[in-house]
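> Predicted structure and sequence below. I'll ask about it afterward.
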Number of protein chains: 2
Amino acid sequence: MADVDRSAEVVGDGPLPTGLVEAFWRYEQALMDDDVAGLDALFAPGPLTLRGDAAGLLVGHDAISAFRKGRGGAPARRIAAVHVRSAGDDAAFVVAVLEPRTGGRGQQTQFWRRDDAGWRIAGAHVSAPAPAVDGRIWRIVGTPLVPGRGEGPLRGERMAVKDLFAVRGQAIGAGVPAYLAEAPTEQRTAPAVQQLLDAGADLVGIARTDQFAYSIAGANEAYGTPPNAAVPGALPGGSSSGPASAVALGQATVGLATDTAGSIRVPASYQGLWGLRTTHGAVPTAGLLPLAPSFDTVGWLTRDRATLERVAKAALPGGSDLQAPVIVAPRLLAGLEPAVVDAFHAAVGMLVAEGRIEPPEEVGLADPVGTLAAFRAVQAAEAWRAHGPWLTAHPGAVGGAVAERFRAAAAVTEDGERAARDVLAERGAELRELLAGALLLLPAAASPAPSATASGVAIDRIRTATLTLTCLAGAAGAPSLSAPIASVDGAPLGLAVVSAPGTDVALLRWALRLRE
Amino acid sequence: MADVDRSAEVVGDGPLPTGLVEAFWRYEQALMDDDVAGLDALFAPGPLTLRGDAAGLLVGHDAISAFRKGRGGAPARRIAAVHVRSAGDDAAFVVAVLEPRTGGRGQQTQFWRRDDAGWRIAGAHVSAPAPAVDGRIWRIVGTPLVPGRGEGPLRGERMAVKDLFAVRGQAIGAGVPAYLAEAPTEQRTAPAVQQLLDAGADLVGIARTDQFAYSIAGANEAYGTPPNAAVPGALPGGSSSGPASAVALGQATVGLATDTAGSIRVPASYQGLWGLRTTHGAVPTAGLLPLAPSFDTVGWLTRDRATLERVAKAALPGGSDLQAPVIVAPRLLAGLEPAVVDAFHAAVGMLVAEGRIEPPEEVGLADPVGTLAAFRAVQAAEAWRAHGPWLTAHPGAVGGAVAERFRAAAAVTEDGERAARDVLAERGAELRELLAGALLLLPAAASPAPSATASGVAIDRIRTATLTLTCLAGAAGAPSLSAPIASVDGAPLGLAVVSAPGTDVALLRWALRLRE
C-alpha cells in the first residue's frame, strides 16, 4: 500500500474546485490499494453511474462494483498529467494521462460532481494500452497469417480459424497448452480452410477454442476467457469462442469453426452473430481434430447474413430454394426460463406480424430428454475414443468441467453406446422426416449469455438446457442456422432454424426474409 | 452525406439541457460527413481543449484540428445509446456507445459546455475497438510465436524481433511486401534470436522495419507508420520502428533490432527508450538480412536500463568496469537546433550537479561532415551490393525516400567507395584512440521525433543532422547507448554514450549512474 506518486502537474482552466484534486488522489490511492469499498464510496450511488472501458459500458453503481470485485486490482500505474475542466464549483471533467508500469500510455476520464456527501464520480471512461494480441481470443495472428488467393468471391474477408484445423506450418493447439507443446507442425492445410483461401479470404489467425472443443460455455482457464463483445462481463459461448469473439469485435469477418453439439450456434446466439452448423459431412473434416465424428461439422460465424451466404456458397453447392412452412415444437420450450420463451415468441410473432414468415404450425417431438441423453452418450464415447489415450497419458492437462466430462465419457460402456445409437437413429429419422417438409424454429440457446462469474452448477444447468435444443440438428445430421433476431433484456438470443440435410445454402437464402 | 441514424435512446439523469442533444447529433453528422470546419466549430477554441484516444491525448484546439485534417474521416458507425449526466443548465457529460460498421463497440465520452456561442465540447475521449493486431507495428504475433527455453535470466521477457532476422518457419519480410511475397521459409533461427530464446525470453512476434532498414525515420507506406508511444502524431524513429513502438507501448519488453547508422539509437531517442548498438561483430549477424555489413550491428531496445543490461549479458561477455572520464565534442553540437543543444547541456548539467558524472572535458573531432560523407558512401555501396540486383529486378517495389537513396547508392563508384573507406579508416582509428580513455557524450539524435506529417525535405535535413552524430559509432565499430535522460518541450531526447569496442556490458553497468 505505497503512497501514490502525486507529482503530476494538475492543469485547470480556472481556479480548481475546492477539494476536487484531493478526491482525485484519494481515488487513485484506493485504486492502487484495490480498496473496493473506498472506490465504491467515490463512485456516485444509484443506477445512473457510468464506467466504460474496452470491454464495454457498465451502467449503475452495482454493476461497476461487481466488476471491481471480480477484477482483483487495477494494473500499477503512474499518473503523468492531470487536466481539469470545471463547470461551476460543484462539477468537473478530469482527464488523467496514465503510465502503466508495463509500458505505453492510457487515459482515465472522469466526471466528478459534488453534493452534500462530497465529490463523487458520476461517470468514467478508461483506456489502457492494447496488448500485442488478445491472447484470450487468438493464439497467433498475422497481417495476414496466410494470404488468400488474391481474388474470388471472398476477397477482402478476414478469417479467424478455430484452433482445431490444420494450417500448414502451424501446430493444432485445441485449447490445451500441453497438447500444443507436443503437437507437430502441420504439413497440409485442412480442406475446410483451403476452400476459403481459394475463394479469396485471408487467414488472419488461429483463434481459441474450449479445451478439445468439449464445452459450449466459451471459458478457458489456461488462456483466459474471450470477451463477449455484445454483453460486457458475459461468457462468449463456445467452443468456438475465439472465432466468435474475433468476428463480433470486428477483428475478423468470418469465423471458421466447428459445431458438434452447438459450438457455433451457441456463441452466435450469445454474441448476436449469424452462425451456421452445416449438414453433417457436407464440408470435409480432413485435417480437423475430431471431438465426436458422428456429429462434428464445419461451419461459420459472421456479423451479417449476406457474408454467411457468400461463405457457404464458396464451400457448398447451391441447390434449390426452400419453400417449406415453419414449425415450432412447444415441448422444446417447456423447460426454458419464461423470459427466453417470451423472447422467442416475441421474435417469431414480430416476423409473422411483419409478413416475413407464415404463422408456424405446432408439432410434437418425441422425448427431448431421451434424445439428449442418447446424444450425450454417443458424443462421450466418441470423444473418449478420440482423446482418451492422450488424456490418460497426460493427467491434469485438461481441467475444470471439461475434465469432469471426459471422466464421465470414459465410463460409457459399449452396451450403453449401442443402445444410445439405436435411440438416436430413430430420432434422427423422425426429425429428417419432419424436416423434409418444414423448417423447425427454436431458440438457438436456452438462455442469453450467462455471466463469466456464474457458478459451475449454473453453467452446467444452462448447458443441459441448451444441448436439449442444439442436439436435434446433430441427431438429424441437419444444418442449423442461428440468426440474431431475438433478445432478452438487451442481450442477444439467436433464433435457430433447422432444415433438411443438404439445404445449407438454401437455408441462408431463405433467411433473407428474417432480416435484409 | 447520409443523415445519421438518430434512433438511439438518450438517457439523462434529469431534464436534458436545452439544445444539448441537438448539438450532439450535429457533431455526429459533421463527423460522418468529415466536415472538418463543422467539427472545429463544435470543439471549444483555445489551448485547453482536450481530445484523447489510443494514440494519446491532444491538448488545444489547434492540435485537435490538425489531427482531424490529417485523418481523412472517422470510420462509419452507428450510435447505439447516449447517456447524459448534467451539471446545471450549461454543462454536461455525454457518453455514447458506438457501433462501428466494421464490428465491435466503442465509446465516445464528451464534456460539453455552453456559453454565448452555444454548446461546445471542452474535452473528449474516444475508444475504438482494437484490431486483432496493429499491422503498423507487427507482421505476425503469437502467444508467444516461439516460446523461450522456459528458464534462464530472461525468463518472462517478451521479445519483438525486427523483420530482418531469420526465425525458423517464418520468412524475412524486410518491410517490403514484394520481398516478403517471394521470401523462403527460414529453416534456422538466427543466432542473435536464438541466444535470447536460450536465455529464456519468449519471442512474441516479428515487428516492422523501414524498407530494407535503409532509413532512420520509421515510416513505412506499405504497412503504415508505427505510432510513437511517447509523442502523439510523431514519427517512431527507424529503422527499428516496430520493435521500438512495441516496447514503448508495452507490447514487448525487449526489441531485438539492428543498428547500421542509428536504427536502434534513433527510435530509442524518439520514444524515450534505452537502446544499445553493440560493438561491430560482437553479436553474430548470421541469419540477418544485411544492409551494409561493414556497419551492421545487432542490438536491443528496452524500457529500462536493468533489462537492457540483462539482455546484453545474455548475449555478450561481461568484461571489467569502465572507469574512463566523460568527454563532449562541441563541434558535434555546432549544427544542431538551439533547443536540442540546450536540452543536451541541461541533461549533462543535471547529471554533473547530482554528482552522477564528473564535468565532461571538451575534445576536438576532425571534420564531422567529411566523416558522414565517407560513411554514407560506403554504406550506400554496400547497400546496393546487398539489394541492387533484387531492386533492379523489382522496379517500384520500394518507394519514397528509400528508393531515392538506393538510386543514389547505385551511382557510388568503386573509386569513390575506396576513397571513402580510406577516410573512414582514419577517422575510426582516431575515434578508437579517443574512446580508449574516455566515454563520448552526445545527443542520440539531432532532434526529438518529428511530426509524422513533416515534409520529405524536413525529414531529410533531420536525417543528415542525426547521421552526423550516429555515424561516429559506426566509423569506430564502437558500442553506443541511447539513454532517455533528456527532453525537448516534453518530447524525449536520448543521451548517447559511445565507449570503446568490446565494452558493451560495461557501458550498461556504467550507465547505472545515469538513472537507477
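Here it is on my side, so go on. All of these numbers come straight from a predicted model, not from anything done at the bench.
> need the contact list for the residue lying closest to A:Gly477 once chain neighbours are set aside.
Using C-beta to C-beta, 6 or more residues apart in numbering or on different chains and skipping residues adjacent in sequence, the residue nearest A:Gly477 is A:His280, 3.6 Å away. C-beta: built from backbone N, CA, C; applies to glycine. A:His280 makes contact with A:294-295, A:297, A:474, A:477-478, A:501 under the criterion C-beta atoms under 8 Å, 6 or more residues apart in numbering or on different chains.
> In JSON lines, list those residues along with distance to B:Gly104.
JSON lines is the format used below for those (distance: C-beta to C-beta, whole Å):
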{"residue": "A:Ser294", "distance to B:Gly104": "36"}
{"residue": "A:Phe295", "distance to B:Gly104": "32"}
{"residue": "A:Thr297", "distance to B:Gly104": "27"}
{"residue": "A:Gly474", "distance to B:Gly104": "31"}
{"residue": "A:Gly477", "distance to B:Gly104": "35"}
{"residue": "A:Ala478", "distance to B:Gly104": "32"}
{"residue": "A:Pro501", "distance to B:Gly104": "35"}
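> how about CSV for those, with neighbour count and distance to B:Ala496 added?
As requested, the contacts of A:His280 are exported to CSV (neighbours: other C-beta atoms under 10 Å in any protein chain shown; distance: C-beta to C-beta, whole Å):
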residue, neighbour count, distance to B:Ala496
A:Ser294, 17, 67
A:Phe295, 24, 64
A:Thr297, 27, 61
A:Gly474, 28, 66
A:Gly477, 20, 69
A:Ala478, 27, 69
A:Pro501, 20, 70
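> From the residues you listed, pick the one nearest chain B.
For the contacts of A:His280, the residue nearest chain B by C-beta to the nearest C-beta is A:Thr297; the value is 24.7 Å.
> neighbours of the residue of the stretch 351-500 of chain A found nearest chain B, just the number please.
The minimum distance from the stretch 351-500 of chain A to chain B, using C-beta to the nearest C-beta, falls at A:Gly490 (9.6 Å). Look at A:Gly490: counted by other C-beta atoms under 10 Å in any protein chain shown, it has 9 neighbours.
> picking that back up, inside helices: which ones of the contacts of A:His280?
A:Gly474 (DSSP state H).
> Please, where are all the helices along the stretch 151-300 of chain A?
All helices of the stretch 151-300 of chain A, identified by DSSP state H, counting those that start in this stretch, fall at A:177-182, A:191-198, A:241-248, A:265-271.
> Same list, these, but as TSV with mean pLDDT please.
Output for those, formatted as TSV (pLDDT from 0 to 100):
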stretch	mean pLDDT
helix A:177-182	98
helix A:191-198	98
helix A:241-248	98
helix A:265-271	98
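> and the stretch 251-400 of chain A, which of its residues are near chain B?
The stretch 251-400 of chain A comes close to chain B at residues A:251-253, A:303, as judged by C-beta under 8 Å from any C-beta of the partner chain.
> go with 10 Å
A:251-253, A:273, A:302-304 (C-beta under 10 Å from any C-beta of the partner chain).
> Of those, grab the buried ones for ChimeraX.
Buried residues within those, by 16 or more other C-beta atoms under 10 Å in any protein chain shown, are selected in ChimeraX with:
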select /A:251,252,253,273,302,303
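> Would you reformat the residues of the stretch 251-400 of chain A next to chain B as JSON lines and include distance to A:Arg101 and pLDDT?
JSON lines is the format used below for those (distance: C-beta to C-beta, whole Å; pLDDT from 0 to 100):
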{"residue": "A:Gln251", "distance to A:Arg101": "27", "pLDDT": "98"}
{"residue": "A:Ala252", "distance to A:Arg101": "31", "pLDDT": "98"}
{"residue": "A:Thr253", "distance to A:Arg101": "36", "pLDDT": "98"}
{"residue": "A:Leu273", "distance to A:Arg101": "36", "pLDDT": "98"}
{"residue": "A:Thr302", "distance to A:Arg101": "39", "pLDDT": "98"}
{"residue": "A:Arg303", "distance to A:Arg101": "36", "pLDDT": "98"}
{"residue": "A:Asp304", "distance to A:Arg101": "41", "pLDDT": "97"}
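> Kindly tell me how buried the closest residue to chain B within the stretch 51-200 of chain A is, as a neighbour count.
The stretch 51-200 of chain A approaches chain B most closely through A:Gly103 (2.5 Å), counting by C-beta to the nearest C-beta. A:Gly103: 20 surrounding residues under other C-beta under 10 Å.
> domains of chain A?
According to automatic domain parsing, chain A comprises the domains A:9-127, A:138-513.
> Can you classify the residue nearest to A:Leu273 when sequence neighbours are not counted by secondary structure?
The shortest distance from A:Leu273 to any non-neighbouring residue, by C-beta to C-beta, 6+ apart, is to A:Leu301 (5.0 Å). Three-state call for A:Leu301 (DSSP: H, G, I helix; E, B strand; the rest coil): strand.
> Quick check: A:Leu301 touching A:Gly255?
Yes: shown here, A:Leu301 and A:Gly255 form a contact pair, counting by C-beta atoms under 10 Å, at 3.5 Å.
> neighbour count winner among the two?
Neighbours were counted for A:Leu301 and for A:Gly255 using other C-beta under 10 Å; A:Leu301 has more, 34 against 30.
> got a list of what that one touches?
Contact analysis of A:Leu301 by C-beta atoms under 10 Å, 6 or more residues apart in numbering or on different chains lists A:160, A:162, A:237, A:240, A:243-248, A:252-257, A:259, A:264-265, A:267-268, A:271, A:273-276, A:307-308, A:311, A:482.
> If we use 6 Å, what do you get?
Taking C-beta atoms under 6 Å, 6 or more residues apart in numbering or on different chains as the criterion, A:Leu301 is in contact with A:243-244, A:247, A:255, A:257, A:268, A:273, A:275.
> Same question for A:Thr503.
For A:Thr503, the contact set (C-beta under 6 Å, 6+ apart) comprises A:Leu322.
> Return the distance of it relative to A:Arg432.
Distance check for A:Thr503 against A:Arg432: by C-beta to C-beta, to the nearest Å, it reads 11 Å.
> is it possible to export the helices of the stretch 151-300 of chain A to a markdown table including distance to A:His394?
As requested, those are exported to a markdown table (distance: least, C-beta to C-beta, whole Å):
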| stretch | distance to A:His394 |
| --- | --- |
| helix A:177-182 | 5 |
| helix A:191-198 | 27 |
| helix A:241-248 | 22 |
| helix A:265-271 | 27 |
